[in-house]
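> Predicted structure and sequence below. I'll ask about it afterward.
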Amino acid sequence: MARVISSSLSAAIQAPTRVPAIGVSIEDHILHYQLYQSPGAADGWHDACLANDGSIVRIRLTRGSNAYAQSLQWQRITDASNASQWNSWTTLGGANSTCFEDGGCALSNNGGVLRAFVQQGSGGSALWTWNSNDNGQSWSSSPATVLTPPSSATILGIGSAGNNDVFFLYQLVSGVLTGCSFYSGSSWGSLHSTTLSAIPYGAGLGAYWDGQLYWLVSSDGNTLYESSYAPATNSWQSYPAIAPATGSAITRRAPRLQYDSSTGLYNLTCIEADNGLLTGAVYSYPRIRQSADLQHWSQGSIIHSMAAQYGACLLSTFSANLLISMSSVLRAPFTARIASTTSTAPTA
């Protein structure tokens, strides 16, 4: 049936300045990681941070037949597109064959001072640290001692939020506890130990400072636990597990927390491994979860193109996100991912 249109609509249809009535935008907010570099180094605990000059600084803990005689090494990358810079490593002073390989390591930027952490492996069990005041170009010639864990305990995970802090998991007969220490003036403070229940084992710890609380994610190898620490009141708070254990089918290790400026969300990366019992597939990949408030986490997604066992570091550079393992580096550029279309129907 024919329909009569109003004179105003008829005039709008014929007007040379008519405008669309509908505009549609389709946006893809998922970062798409593609292979960027392939250093192919042997897997092991490692960490990375951005220096104030924009360079990427990394540390790694070697692995070998003697777990208590491994080395902590560093790397500085000023041009991420230069493959050779991802392959050059230098051993820190005093860290040659003196470090514990399963304690993990941590690296953070503390207002321009870079700090690296590892547990001593031979001759003691101290938590060691080195610092750099020139964006990772040079480091202190020998380690300083933060503290020695109670009963010379084994450390099973280290994290630093970049606020002159270090958090770590240490193993006692009663279980694994979280401890921390803070640098003030010219020395490290005494141990602050958690008041929360011990966990069965330690498989890494990540830390983030929001200005009031330290947010901590730790792993016992199967479960991802979340807690917080308030330094003003020296109080600890536990939260629901981010990822409860699924028996022994899925293992989880090496959690790391980071704020992603490209999305305005917090990212939690950890390594998930399946021995084939749950899915039928055997794998060990990073999973990236996201949160807007550090308490409610998405299920996230697995990055199938990266195989790793001892962690994947997520860094937000000036132009892209980088996901870094020892064997490969993936890159997701900050490009506009928007497709727009408009109708030709005029407005009345």
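That came in fine, so what should we check first? The model shown is predicted, which means the values in this text are computed figures rather than measured ones. Numbers count the residues shown, from 1 in each chain.
> Name the residues that touch stretch 227-244?
The contact list for stretch 227-244 (C-beta atoms under 8 Å, 6 or more residues apart in numbering) reads 167, 178, 180, 182, 192, 194-197, 212-218, 223-226, 252, 268, 289, 295, 297. Using the backbone N, CA and C atoms, a C-beta is placed for each residue, glycine as well.
> from the chain's centre, how far out does that stretch sit?
18 Å (C-alpha atoms, centre = their mean, to the nearest Å).
> I'd like to know how many residues surround the closest residue to Leu213 other than its chain neighbours.
Among residues not flanking Leu213 along the chain, Ser228 sits closest, at 4.5 Å (C-beta to C-beta, 6 or more residues apart in numbering). Other residues lying near Ser228 total 18 when counted by other C-beta atoms under 10 Å.
> Specify the beta-bridge partners of Ser228.
Here Ser228 sits in beta bridges with Trp215, Gln237, going by DSSP bridges.
> Kindly report the same for Leu322.
Beta-bridge partners, per DSSP bridges, of Leu322: Leu315, Arg331.
> Touching, it and Leu330? I think so.
Yes. Counting by C-beta atoms under 8 Å, Leu330 is a contact partner of Leu322 at 7.1 Å.
> joint contacts of the two?
What both Leu322 and Leu330 touch, as defined by C-beta under 8 Å, 6+ apart, is the set Tyr36.
> in the protein, which segments are predicted with low confidence?
1-3, 18-31, 248, 278, 335-348 (pLDDT under 70).
> go with 90
Filtered on pLDDT under 90, the chain yields the residue ranges 1-32, 122, 185, 245-250, 260-264, 274-283, 317-319, 333-348.
> Which stretches in it count as helices?
Here the chain has its helices, by DSSP state H, at 7-14.
> Of all residues in it, which one is nearest the centre?
Arg256 (3.2 Å; C-alpha atoms, centre = their mean).
> thinking again about what came up before, distance of the residue nearest to Leu213 from His296?
14 Å (C-beta to C-beta, to the nearest Å).
> ok, the residue nearest to the centre of the chain touching Pro286?
No. With contact defined as C-beta under 8 Å, Arg256 does not reach Pro286; the gap is 9.5 Å.
> and for these two, which residues touch both?
The contact lists of Arg256 and Pro286 share Thr269, Cys270, Ala312, where a contact means C-beta under 8 Å, 6+ apart.
> and the residue nearest to the second one when sequence neighbours are not counted, how many neighbours?
Counting by C-beta to C-beta, 6+ apart, Cys270 lies nearest to Pro255, which is 4.3 Å off, once chain neighbours are set aside. Around Pro255 sit 28 other residues, with neighbours defined as other C-beta under 10 Å.
> Wait, Pro255 touches Pro286, no?
No. The criterion here is C-beta under 8 Å, and Pro255 misses it with Pro286 at 10.6 Å.
> where along the stretch 151-300 of the chain do the strands fall?
154-159, 165-172, 175-184, 187-188, 192-193, 205-209, 214-219, 224-230, 235-243, 250-260, 265-275, 282-291 (DSSP state E, counting those that start in this stretch).
> and Tyr225, what does it touch?
Counting by C-beta under 8 Å, 6+ apart, Tyr225 has contacts Ile199, Val217, Ser218, Ser219, Ser238, Ala241, Ile242.
> Next, the contact list for Glu272, please.
Ile250, Thr251, Arg252, Tyr283, Ser284, Tyr285, Pro286, Arg287, Ile302.
> ok, now Asn267?
Contacts of Asn267 (C-beta under 8 Å, 6+ apart): Leu257, Gln258, Tyr259, Asp260, Ile288, Arg289, Gln290, Leu314.
> okay if I get those residues as a markdown table plus distance to Arg58 and neighbour count?
Formatted as a markdown table, the contacts of Asn267 follow (distance: C-beta to C-beta, whole Å; neighbours: other C-beta atoms under 10 Å):
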| residue | distance to Arg58 | neighbour count |
| --- | --- | --- |
| Leu257 | 18 | 24 |
| Gln258 | 15 | 19 |
| Tyr259 | 19 | 13 |
| Asp260 | 19 | 16 |
| Ile288 | 19 | 22 |
| Arg289 | 23 | 20 |
| Gln290 | 24 | 16 |
| Leu314 | 13 | 23 |
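> Looking at those, which is nearest Trp128?
Closest approach between the contacts of Asn267 and Trp128, by C-beta to C-beta: Leu257, at 22.6 Å.
> hang on, isn't the closest one packed against Leu268?
Yes. Between Leu257 and Leu268 there is a contact under C-beta under 8 Å: 5.8 Å.
> Need the overlap of contacts for these two.
Gly206, Val217.
> For the residue nearest to the centre of the chain, list the residues it contacts.
Applying C-beta under 8 Å, 6+ apart to Arg256 gives the contacts Asp47, Gly159, Gly206, Leu268, Thr269, Cys270, Gly311, Ala312, Cys313, Leu314.
> Name the member of the residues you listed with the most neighbours.
Greatest neighbour count in the contacts of Arg256, by other C-beta under 10 Å, goes to Gly159: 30 neighbours.
> next one: phi and psi at Thr233?
phi -120, psi 0 (degrees, to the nearest 10).
> Now for it, how many residues are close by?
7.
> Then Gly136?
26.
> My guess is Asp53 contacts Asn135. True?
Yes. Counting by C-beta under 8 Å, Asp53 does reach Asn135; the two are 4.6 Å apart.
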